[in-house]
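K.L.:
what's the 3D shape of this:
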Amino acid sequence: MVGVSPDTPAAQNKFKDKYELPFTLLGDEDRKVADAYEVLKEKNMYGKKVMGIERTTFLIDAAGKIKKIFPKVKVEGHIEEVLAALRE
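P.N.:
Model prediction:
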């Protein structure tokens, strides 16, 4: 299991520590991965339209096939939701 984020390594470490994430976070500063997985979306921030990442989880099997997509992820409780999907 890995996470991908356009954030700086320092910001990734802070996020990982805050939520006690048990997996590696990889950098995507140029947002190529975000673009490839179509999670770079237009958002409204304080009345201004900006491009940002829509936090999404992809379950990908050993053959590289996407088995399930969790869009608009909220961190709290999400690990349990993913683990339940893996058990299915």
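K.L.:
identify the residues contacting the host helix or strand of residue 34?
P.N.:
In the assignment (DSSP states H and E), residue 34 maps to helix 32-36. Helix 32-36 has contacts (CB atoms under 8 Å, 6 or more residues apart in numbering) with 4, 6, 26, 28, 40, 53. Backbone N, C-alpha and C define where each C-beta goes, glycine included.
K.L.:
dump that helix to CSV, restricted to CA.
P.N.:
Written as CSV, here are the backbone C-alpha positions of helix 32-36 (Å, rounded to 0.1, in the frame of the first residue of the first chain):
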residue,chain,number,x,y,z
LYS,A,32,1.6,13.5,-13.5
VAL,A,33,0.2,10.6,-11.4
ALA,A,34,-2.7,12.8,-10.3
ASP,A,35,-3.4,13.7,-13.9
ALA,A,36,-3.1,10.0,-15.1
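K.L.:
may I see the buried residues of it?
P.N.:
Going by neighbour count (16 or more other CB atoms under 10 Å), the buried part of helix 32-36 is 33, 34.
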